[in-house]
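[1] give the three-dimensional model of this entry:
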Amino acid sequence: MMDPARRVASALSALGPVAPDPVTLFVGRVERSDVPYMVRQIGISGSGADPDVVLDLRAADALRLRPLFPEHAFYVPSDGLISEEAARARRGRFHIVHRLTGRRAEVHVATDDPLFEWAFSRRVRYAGEVTDVWLAPVEYAVLRALESHRETGSDADAQRVAALVRSSRRDLDYVELGRWMGRLAREP
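    Reported below is the predicted structural model:
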């Protein structure tokens, strides 16, 4: 077994002078699999440029993630925890962390929630420099941030909503956004 300090030094030298971008690091791996996904947002959350990814993952599918993120390079929660989060009726989530850089992807598990279904049906293919990705509609990111703000009262959530709306105001479907806001406001 390689000494941990040598393993880190070896990994650092393999990276070169620039740390990998988070899209390639996390989303690129999922993109090459058969796990349906969409990226909710990058660079707007409190974690800087770390992505929020929504996976259409069921409890029995936890093992599908393991080969995508090798243990020596990534921390991935146990299969049991992933299955537990995937089995939740709402708000299943967990983190995948790149051991060397500390970058993390917040993974949200798609449930039978109609908003997930709507967002997955409207996701958009984006051709990136290194890898193509599926992006969630911006309305979805706004709605989830509003939902979080309603539950927590967090200023960070309110700032995230403002940043999303400012950066996407020309692309927002205000009719659809308003429809979903009304629908979500009626939920407990």
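[2] and the contacts of stretch 53-71?
    Stretch 53-71 is contacted by residues 26-27, 29-30, 32-40, 76, 79-80, 82-84, 86-87, 96, 105-110, 116, 119-120, 136 when judged by Cβ atoms under 8 Å, 6 or more residues apart in numbering. All C-beta atoms are positioned from the backbone trio N, CA, C, and that covers glycine.
[3] let's see it at 7 Å
    Stretch 53-71 is contacted from outside by 26-27, 29-30, 33, 35-40, 76, 79, 82-83, 86-87, 96, 105, 107-110, 120, 136, using Cβ atoms under 7 Å, 6 or more residues apart in numbering.
[4] what comes up buried for it?
    53-57, 59, 61-62, 64-65, 68-69 (16 or more other Cβ atoms under 10 Å).
[5] was I right about Val138 contacting Leu164?
    Yes - between Val138 and Leu164 there is a contact at 6.2 Å, judged by Cβ atoms under 7 Å.
[6] return the set of residues that bridge with Tyr126.
    Val133 (DSSP bridges).
[7] look up how far Val133 lies from it.
    For Tyr126, the distance to Val133 equals 5 Å [Cβ to Cβ, to the nearest Å].
[8] which one's more surrounded, the two?
    Val133 (23 against 12; other Cβ atoms under 10 Å).
[9] show the pLDDT at the more buried one.
    With respect to pLDDT, Val133 has a value of 86.
[10] can you select the buried ones among the contacts of stretch 53-71 for me in ChimeraX?
    Command for ChimeraX, covering only those of the contacts of stretch 53-71 found buried under the criterion 16+ other Cβ under 10 Å:
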select :26,27,29,30,35,37,38,39,40,76,82,83,86,96,105,107,108,109,110,120,136
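[11] now, the contacts of stretch 53-71 that are in helices?
    Taking DSSP state H, the ones among the contacts of stretch 53-71 that sit in helices are 29-30, 79, 82-83, 86-87, 120.
[12] could I get the residues you listed as TSV with pLDDT and distance to Thr101?
    Converted to TSV, the ones in helices among the contacts of stretch 53-71 look like this (pLDDT from 0 to 100; distance: Cβ to Cβ, whole Å):
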residue	pLDDT	distance to Thr101
Arg29	88	14
Val30	89	18
Asp79	87	24
Ile82	89	22
Ser83	87	27
Ala86	86	26
Ala87	85	30
Phe120	92	29
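[13] which stretches of this protein aren't confidently modelled?
    1-20, 41-49, 188 (pLDDT under 70).
[14] so His72, which of the three states?
    coil (DSSP: H, G, I helix; E, B strand; the rest coil).
[15] pull the number of nearby residues for it.
    If you count neighbours by other Cβ under 10 Å, His72 ends up with 9.
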